[in-house]
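S.K.: Predicted model follows, preceded by the sequence.
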Amino acid sequence: VQNITTGLNQGFGLAAFGVNNLTVLNNNFGSSLGTGDLSGDALTVRGYETYATSTGWTGPPSTNITIASNTVSGTFPRQGISLVDANGVTIASNTITYAYSGSYGGGASIDIEPDTNVSVENVTVTGNSITLSSATSSNINDGINVSGADANASTTNITISSNTIQVGGNINIGIRLGLYAGTNLIANNSISGVLNKDGIYHTNGPATITSNSISGMGTGTSAGIYVTNSDASGAMTSSTIEFNQISGMLDGILVIPNASSSVTNAIITGNNLSSFSGNSGYGIELDRVGSSTAVYATSSYNIVNGYDYSLITAAQSTYGTFYGNVITGFSTSGLFAESTSTAIYTNNILAYTGTSTVAYIRTSTGGTVSGSHNLYYHPNSTSSYWTNSVSFWTTLAAWQASSSMDAASLDANPEFTNLSTGNFTLQS
């Protein structure tokens, strides 16, 4: 299907039901922003399905689908490009200008959302250019959404790479992930214009989120990457968040399971996080981390610059580990163990050169820390301290003597090339 133009359609621009070996190429769905489909998706791919009340949707999926180099532009009451029941799909190099206007609470430019009892598997979404309009206060537009209709729908083996997403502010989300199983990769995407929601929002399932660039608008209540779970009794599994660049957001990376659940094998490494002036958020937050070596969250070799609280454990975390991070520019605490949580911190560099009063290490009532082999730099000793929320120590030696922490830690200049400008390479 190629070289067609649709606009002001009463149903779908193109609907494929139970189709194999389909290529959709160089089409124009919706002629300009504000037209598009009136009661359906611009393009939808479904299986050869039948529906029964007792079993839901059943039937074989559409297979071997390529959707490439199309233009989707308009105000849609549902989705832009939609996959409902498909296996083996490539969505590449499309240009999508999307605004949601329906009554479902939100929509997506690219929507991978299987119905109950069916699946979408083995999908690659790459090289697309997506621009979202500002959503209303009640409607959320997603750049790319991956989520089943319910617990009986599955999304497996999804790759989202090298897409450019202009979020458009307000409460829009760059990439939303609700994964089921398999190998899922979110890599090298550029997400900008995030304001009051998240760059990447990940619920459930295994994923590697790597080498993405996520930027906010220097204000608002957004998070760069937010990891949680939709099932309050389940565990979040095998999330690797690495080598991402996050800037201009209230929060950097948040790992916050729902109550009565836990984090399983979350690894956060090699990310570069920088906030905005006057920020009151968190650089990296780890919640509900279990106590065994099989249940852990590790934050290592990250640069965390300019947040209110750089590193924080909360909500009954007992095995949140911070290793080898560079922590600077914080306005309240470098590392904070909130009530009933434990933070394990080793081989970090915590540097503060300002004149405000801040804490390198802080615990609230019931919070505990365990650490050593860290390097502290605080040339203005009267403006920095260590505290358990009862006592305060203004020198590392006093903290070591009273707390038995940081036995092998040092107080020295790390000799970064230029700490004030964020150049954390070492001087030659």
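M.R.: It's in.
S.K.: Just the CA atoms of stretch 333-346, as CSV, please.
M.R.: In CSV, the C-alpha atoms belonging to stretch 333-346 read as follows (Å, rounded to 0.1, in the frame of the first residue of the first chain):
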residue,chain,number,x,y,z
SER,A,333,22.0,16.1,50.7
GLY,A,334,24.5,14.1,48.7
LEU,A,335,23.1,10.8,50.0
PHE,A,336,19.9,10.4,52.0
ALA,A,337,18.6,7.2,53.7
GLU,A,338,15.0,7.9,54.5
SER,A,339,13.1,6.2,57.4
THR,A,340,13.4,2.4,57.6
SER,A,341,15.7,2.2,54.6
THR,A,342,19.4,1.4,54.3
ALA,A,343,21.9,2.9,51.8
ILE,A,344,25.2,1.1,51.0
TYR,A,345,27.7,3.5,49.6
THR,A,346,31.3,2.8,48.5
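S.K.: If we go by neighbour counts, what in that stretch is buried?
M.R.: 333-338, 340-346 (16 or more other Cβ atoms under 10 Å). Just so you know, the C-beta spots here come from the backbone N, C-alpha and C atoms, and that holds for glycine as well.
S.K.: Can you lay out these as a markdown table showing pLDDT, distance to Ala314 and secondary structure?
M.R.: Shown next, in a markdown table, are those (pLDDT from 0 to 100; distance: Cβ to Cβ, whole Å; DSSP: H, G, I helix; E, B strand; the rest coil):
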| residue | pLDDT | distance to Ala314 | secondary structure |
| --- | --- | --- | --- |
| Ser333 | 92 | 12 | strand |
| Gly334 | 93 | 15 | strand |
| Leu335 | 92 | 12 | strand |
| Phe336 | 90 | 8 | strand |
| Ala337 | 86 | 8 | strand |
| Glu338 | 83 | 4 | coil |
| Thr340 | 73 | 9 | coil |
| Ser341 | 79 | 5 | coil |
| Thr342 | 79 | 11 | strand |
| Ala343 | 83 | 10 | strand |
| Ile344 | 86 | 14 | strand |
| Tyr345 | 91 | 15 | strand |
| Thr346 | 93 | 20 | strand |
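S.K.: mind putting the residues you listed in TSV, distance to Val72 included?
M.R.: Shown next, in TSV, are those (distance: Cβ to Cβ, whole Å):
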residue	distance to Val72
Ser333	46
Gly334	46
Leu335	46
Phe336	45
Ala337	48
Glu338	45
Thr340	49
Ser341	45
Thr342	49
Ala343	46
Ile344	48
Tyr345	47
Thr346	49
